[in-house]
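1. this is a predicted model, with the sequence first.
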Amino acid sequence: MHWLIPKLISSFLLLPFNLLILFGVGIALLSCRPRLGRNLIIIAWLTLWVLSTPVISATLLQSLEKSPPLQLDRLPTDVDAIVVLGGGTYCNAPEYGQDTVSTYALERLRYAAELHRRTGKPILVTGGKLANTTAEAVFMKETLEHDFQVPVRWLEDQSRDTMENARFSAGVLTDQGIQRIFLVTHAWHIPRAQAAFEKAGFQVVPAPTKFTTHCQWTPLVLLPTSSALTVSANALHEWIGLLWYRFR
């Protein structure tokens, strides 16, 4: 359960808990330090509004999407394998009668299947277990082989975060002579994932998927939404993760 401690720490630093703490401190200070208390409440409220607006959340996420999409008609030929990072588990899925991959993971697997069909390169799926009893990589393998009819050669099922994805994948692939890989994950996750895998000794060809796009901008992008807050939370999580990797 030692994975729980970093998760708890990140909860204090990330949305929405950090703003709830700031708001609560402001309320607690109203009686003894009213001016400071009011200022903290206003800051928390304004920050929540700003980070809940689609225009801000999209800008934050796009700031991480620095790797361009691959050109599928001109893919590198000197790559040894495709590595797909897990994106979470859909636990106790009632329509399937068991756990399965999350939406994030499914988006990554779909793109990995496309790369495999175009290149024929073997696939490694990586993802361990946290609260669930079965490793995420097991469901990733099942989804690729059953839903996409794409074979999975290697399965890494011990990792619990991106750094461990990289380290444990190296343990599987290094002995196979695999050095240069397509790294498949969300476009906003590529900077942190690429740093981790290069540190583990891989030559990485970023294979980002699910870029932040929009159909058209309207005045509604200035109004707060719960989905925009989720996007902002993802972006802040990645920026904090990048800082942590730098100091780590």
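-> Thanks, I have it.

2. make it CA atoms for all contacts and neighbour counts henceforth
-> Noted.

3. who are the neighbours in contact with the residue nearest the centre of the chain?
-> Nearest to the mean C-alpha position of the chain, by C-alpha atoms, centre = their mean, lies His189 at 5.1 Å. By C-alpha atoms under 8 Å, 6 or more residues apart in numbering, the residues touching His189 are 64-65, 238.

4. just give me how far the longest helix belonging to the chain sits from the chain centre.
-> Looking across the chain with DSSP state H, the single longest helix is helix 226-247. Relative to its chain's centre, helix 226-247 lies at 9 Å (C-alpha atoms, centre = their mean, to the nearest Å).

5. helix, strand or coil for the residue nearest to the centre of the chain?
-> helix (DSSP: H, G, I helix; E, B strand; the rest coil).

6. next, count neighbours for the nearest residue to Phe12 once chain neighbours are set aside.
-> Of all residues not flanking Phe12 in the chain, Asn18 sits nearest, at 5.4 Å (C-alpha to C-alpha, 6 or more residues apart in numbering). Residues near Asn18, counting by other C-alpha atoms under 10 Å, number 15.

7. return the distance of Asn18 relative to Gln179.
-> 40 Å (C-alpha to C-alpha, to the nearest Å).

8. for Leu155, same thing?
-> Taking C-alpha to C-alpha, one finds Leu155 at 17 Å from Gln179.

9. neighbour-wise, which of these two wins?
-> Neighbour totals were compared for Leu155 and Gln179, and Leu155 leads with 21 against 17 (other C-alpha under 10 Å).

10. burial check on the residue nearest to that one when sequence neighbours are not counted, number of neighbours?
-> In space, and not counting its chain neighbours, Leu155 is closest to Val125: 5.2 Å by C-alpha to C-alpha, 6+ apart. Look at Val125: counted by other C-alpha under 10 Å, it has 27 neighbours.

11. would you mind pulling up the elements that the helix or strand where Val125 lies packs against?
-> In the assignment (DSSP states H and E), Val125 maps to strand 123-126. Counting contacts by 3 or more C-alpha pairs under 8 Å, 6 or more residues apart in numbering; DSSP states H and E, strand 123-126 is packed against strand 81-85, helix 136-147, strand 154-156, helix 162-173.

12. just the CA atoms of the first one, as PDB, please.
-> Spelled out, it's strand 81-85. C-alpha atoms of strand 81-85 as PDB (Å, rounded to 0.1, in the frame of the first residue of the first chain):
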ATOM      1  CA  ALA A  81       8.700  -2.200 -30.700                       C
ATOM      2  CA  ILE A  82       5.500  -0.400 -29.600                       C
ATOM      3  CA  VAL A  83       5.100   0.400 -25.900                       C
ATOM      4  CA  VAL A  84       1.600   1.300 -24.800                       C
ATOM      5  CA  LEU A  85       1.100   3.000 -21.400                       C
END
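
13. quick check: mean pLDDT across it?
-> For strand 81-85, mean pLDDT is 98.

14. compute the inter-axis angle for the helix or strand just after that strand and helix 136-147.
-> Going down the chain from strand 81-85, the next helix or strand is strand 89-93, by DSSP H and E. For strand 89-93 against helix 136-147, the angle by axes from the mean of the first three to the mean of the last three C-alpha atoms, to 10 degrees is 70 degrees.
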